[in-house]
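K.L.:
only geometry, no sequence info:
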């Protein structure tokens, strides 16, 4: 207790990372929380939003509320009312005392078939979950506003990357390894049970391999951790959003919508491999071969080719390692994604102009893709998966924040400006 008056009480609340208050309300007093150290998440009458040092939250009497610490969190609480009493507390009537609050980072996992074909993912996912890592999408402010308004992320062709060489490097690495006798022999140990041989299969599909870039569409994310709050990452601002840019910070399970069965789609971490040092990739391919025995005959070809496509698309030179990149990878090939036409409500193909070049893109419909996972929530991307927005280098960050707050409010976010932070990154425009 810091201070006591007849009609007010001031206390200091300290929570360690992961701790939270019960989800409760008061009938006879209002409260104000001011964060004096750390970061956390508030749930106020069902709406969740991030808070950080210096920010204030006003809690009217009758409103259910709780707070959970994302880091060590210190909060000054001022209670004001005619009757301040410890008994004036009604806890949410639910099995969970925090009212099902979901403000801590959500862990995510992969379907078992993906683990079998790409076992190296499991280790990276465990790291993401253990260290409370989020994902950041660095982009222009105008693009970010369209993502929020439309609830969709565009996936662009792999042959129209900022640097085509970074994609070619991964393809060359994988395809050179697939020509090696010892790699092919590993595949043959399982393919022979289905009257298939690696050399013949890869020879038949070689032209497809060479052309597959036109069937692969990607969108890029970056791992985001506590060290980068609230500035973002300097190298990412420079590369992807040098002026009027923002970073959309998202829950990690954004990488895995549950509705795309029959479509080769998912989040893949980029592997950083030095030229001529291919042991890591060779080991992944051999593990991929070992998993073939787990699949039915009719699944093997699409699973194998899809996994090879994903692996080839997610290898980059180590000079890019600072990006800590993940990629949404989609194959539009009917051979690899036999149900892609049936999933057009979730993945929509469009022709758009990017930098003056008309081209095909696929639009992941975020609200529809995640609707079943979050239940009866309007605009689930903004209200459940989007954690916060960081404004990067801008000639007028105040105007940009106002615009972002307006768009968030139109999507039902109750305290939108608490979601928008202005970076103090030292980068000149």
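P.N.:
Cool, got the structure. On a predicted model such as this, the values are computed, not experimentally measured, just so you know. Numbering: from 1, shown residues only.

K.L.:
just to be sure, residue 408 is in a helix?
P.N.:
Yes. Membership of residue 408 in a helix is supported by DSSP: H, G, I helix; E, B strand; the rest coil.

K.L.:
how close does the residue nearest to it when sequence neighbours are not counted sit to residue 402?
P.N.:
Leaving out its chain neighbours, the residue that sits closest to residue 408 by Cβ to Cβ, 6 or more residues apart in numbering is residue 416, at 3.5 Å. Quick note: C-beta positions are derived from backbone N, CA and C, even for glycine. Note on residue 416: its distance to residue 402, by Cβ to Cβ, to the nearest Å, is 10 Å.

K.L.:
repeat that for residue 66.
P.N.:
From residue 66 to residue 402 the distance is 29 Å (Cβ to Cβ).

K.L.:
who has more neighbours, the two?
P.N.:
In terms of neighbours (other Cβ atoms under 10 Å), residue 66 is the more surrounded of residue 66 and residue 402; the figures are 22 against 13.

K.L.:
correct me if wrong: the more buried one contacts residue 21.
P.N.:
Yes. When contacts are counted by Cβ atoms under 8 Å, residue 66 is listed as touching residue 21 (4.8 Å).

K.L.:
the longest helix along the chain - what's its average pLDDT?
P.N.:
Taking DSSP state H as the criterion, the chain has its longest helix at helix 297-313. On average, the pLDDT along helix 297-313 is 80.

K.L.:
tell me which residues of that helix are tucked away?
P.N.:
Neighbour-count burial for helix 297-313, counted by 16 or more other Cβ atoms under 10 Å, picks out 300-313.

K.L.:
farthest-separated two in the residues you listed?
P.N.:
300 and 313 (20.3 Å; Cβ to Cβ).

K.L.:
roughly how far does residue 321 sit from residue 309?
P.N.:
For residue 321 relative to residue 309 (Cβ to Cβ), the value is 22 Å.

K.L.:
leaving aside the residues adjacent along the chain, what's closest to residue 273?
P.N.:
Take residue 273 and drop its neighbours on the chain: the residue closest to it by Cβ to Cβ, 6+ apart is residue 315, 5.4 Å away.

K.L.:
was I right to think that neighbour contacts residue 270?
P.N.:
Yes. At 7.2 Å, residue 315 counts as touching residue 270 under the criterion of Cβ under 8 Å.

K.L.:
who's the closest residue to residue 314 other than its chain neighbours bridged to?
P.N.:
Nearest residue to residue 314, sequence neighbours excluded (Cβ to Cβ, 6+ apart): residue 268, at 4.4 Å. Beta-bridge partners for residue 268, by DSSP bridges, are residue 327.

K.L.:
contact partners for residue 268?
P.N.:
118, 121, 310, 311, 313, 314, 326, 327, 329 (Cβ atoms under 8 Å, 6 or more residues apart in numbering).

K.L.:
wait, doesn't the third one sit right on residue 326?
P.N.:
It refers to residue 310. No. Between residue 310 and residue 326 there is no contact, the gap being 11.6 Å when judged by Cβ under 8 Å.

K.L.:
pull the distance from whichever helix or strand comes after the longest helix of the chain to the chain's centre.
P.N.:
Sequence-wise, the next helix or strand downstream of helix 297-313 (DSSP states H and E) is strand 315-316. Here strand 315-316 is found 19 Å from its chain centre; the criterion is Cα atoms, centre = their mean, to the nearest Å.

K.L.:
any residues touching strand 315-316, and which ones?
P.N.:
166, 169, 170, 173, 174, 270, 271, 272, 273, 281, 325.

K.L.:
what's the neighbour count on the third one?
P.N.:
Neighbour count for residue 170, taken as other Cβ under 10 Å: 21.

K.L.:
confidence score at it?
P.N.:
83.
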